[in-house]
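Asks: Any chance you can model this:
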Amino acid sequence: MTGRAQGALSDRSDFQAIAAWVRPDSTVLDLGCGDGTLLKYLRQARNARGYGIDIADGNVLACVQNGVNVIQSDLEQGLAGFDAGSFDCVILSQTLQAVRRTEEILLEMLRVGREAIVSFPNFGRWDLRLQIALGRMPISAELPYEWYNTPNVHLFTIADFESFCSGHGIRVLERVTLHRGRPVRTFANFFGSLAVYRFEKRR
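Replies: Sure thing, here's the model as predicted:
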C-alpha cells in the first residue's frame, strides 16, 4: 500500500473496524466510495473484490488511478441495477447522514448484499448535546460543518439507528463505537462519536 493510501486509512478509524468484518475472498460493494482507498485496502488485506459507487467526477477518476472498479451513479436513485444477493457485503461509510432516502438505501443494501456495514457520526455524544443545550447547532471533528453549509441532512444517534433496525426487521450482528479512534465500551450513545455496525435482514 502506498504511503498516501496508508495515510488516508489512518485518518478513518472506521476503516479498520470495517476491514476486520469483511471475510477473506468476499465480494464487496462500497457505496459513496470516495477515492477507493477502502476498497483498495480490502483487496490487499482481505483479497476482497467488487465495485465502488460514487457520483463525483474527481472520485471516479481517483478510483481508476487506484485500480478500483467504480461505477459513476447517484445513490439516491437506488441500486436497481444489481440483483438480489449480488454481494457478500455492502458498505456505506460515513455517508448515511448525507443521503435523503435513508430508509430505502438501507433496505436496498440488504437486498443486494447478504449483510451490510455502515458507519456514521453519533449525534448523541455528550458534547453535542451540550452545544444544543446552549442554543447552538453542534460542531465536532466528525460533524465539522456550520448549520448553513453542512451536507448532512439526517443527523441521528446510536439509539435512533438501533430503533430503526428493530422496527425494520434488521438484526445487528456487531457494533463498534469509537472516539478519537479508541473503542468506547460503556454508555456508547453518550461517549461515542463514531459508530460502526454490521447487520443483516432477519430471516
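
Asks: Check which helices and strands the helix or strand that residue 197 is a member of sits against.
Replies: Residue 197 is located in strand 194-201, with elements delineated by DSSP states H and E. The helices and strands touching strand 194-201, judged by 3 or more Cβ pairs under 8 Å, 6 or more residues apart in numbering; DSSP states H and E, are helix 13-21, helix 102-112, strand 113-121, helix 158-167, strand 170-179. Where you see a C-beta, it was placed from the backbone N, CA and C, and this is true even at glycine.

Asks: So which of these is nearest residue 47?
Replies: Distance to residue 47, taken as Cβ to Cβ, is lowest for helix 13-21 among the helices and strands packed on strand 194-201, at 11.8 Å.

Asks: mean confidence for the strand holding residue 197?
Replies: What strand 194-201 shows for mean pLDDT is 97.

Asks: Buried residues of it, list them for me.
Replies: 194, 195, 196, 197, 198, 199, 201 (16 or more other Cβ atoms under 10 Å).

Asks: quick one: what helix or strand has residue 89 in it?
Replies: strand 87-93.

Asks: Quick one: mean pLDDT over that strand.
Replies: Rounded mean pLDDT across strand 87-93 is 97.

Asks: Return it as CSV; C-alpha atoms alone will do.
Replies: Once non-C-alpha atoms are left out, strand 87-93 reads as follows in CSV (Å, rounded to 0.1, in the frame of the first residue of the first chain):
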residue,chain,number,x,y,z
PHE,A,87,-22.5,-9.2,-3.0
ASP,A,88,-21.4,-10.8,0.3
CYS,A,89,-21.2,-7.3,1.9
VAL,A,90,-22.4,-3.8,1.0
ILE,A,91,-20.7,-0.9,2.8
LEU,A,92,-21.7,2.7,3.4
SER,A,93,-19.1,4.5,5.5
